[in-house]
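> Here is my input, please return the structure:
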Amino acid sequence: MVGPVPGTVGNPVASGPRGNFQLGNGNIMWSNNEGIHIVDMTTGASNNVMGGGSRYFSLISIEIATVLAGDANCDGMVNVLDIIAIANYIMGLNPEPFCFENADVNADNIIDVLDVIGTANIIMGGE
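Residues are numbered from 1 along each chain as shown. Here you go, the predicted model:
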């Protein structure tokens, strides 16, 4: 239990929260007889993400995608193969697999030579 959730004051037997979990981003997931909800802690807004009387939940598996800057080929490592994948992408060869978010090292939403240089810097131990 992480504490009270905005908008959930009431009769806990009839409609109050059944379970509360704090997510990695600080938001709170909670359930009641209307479903499973997520409260955005920056706005206080609560959104029903799974309806239908989901009164209880004990384990929910949430897969959170992580970005590994420079890992363009999605293999969990940053090496020269990633530079090749980025170069192939720039030349329009559509490498598979290709993780755009990882390849966009400078986070400008464009894959270009700057990302090749950024990946080389990561490999060499710089940023």
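> In the helix or strand where N88 lies, which residues are buried?
Secondary structure assigned from DSSP states H and E places N88 in helix 80-90. By neighbour count on 16 or more other CB atoms under 10 Å, the buried set for helix 80-90 is D82, I83, A85, I86, A87, N88, Y89. Heads up, the C-betas are built off the backbone N, CA and C, glycines and all.
> right, and the helix or strand after that helix?
Taking DSSP H and E, what comes next after helix 80-90 is helix 100-103.
> Next secondary structure after that next one?
Using DSSP H and E, the first helix or strand after helix 100-103 is helix 113-123.
> CA atoms of that following helix as PDB?
C-alpha atoms of helix 113-123 as PDB (Å, rounded to 0.1, in the frame of the first residue of the first chain):
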ATOM      1  CA  VAL A 113      25.900  10.800 -39.300                       C
ATOM      2  CA  LEU A 114      25.800  12.500 -35.900                       C
ATOM      3  CA  ASP A 115      24.300   9.300 -34.500                       C
ATOM      4  CA  VAL A 116      27.100   7.300 -36.100                       C
ATOM      5  CA  ILE A 117      29.600   9.600 -34.400                       C
ATOM      6  CA  GLY A 118      27.700   9.500 -31.100                       C
ATOM      7  CA  THR A 119      27.700   5.700 -31.200                       C
ATOM      8  CA  ALA A 120      31.500   5.600 -31.900                       C
ATOM      9  CA  ASN A 121      32.000   7.900 -29.000                       C
ATOM     10  CA  ILE A 122      30.000   5.500 -26.700                       C
ATOM     11  CA  ILE A 123      32.100   2.600 -27.900                       C
END
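> Done for today, thanks.
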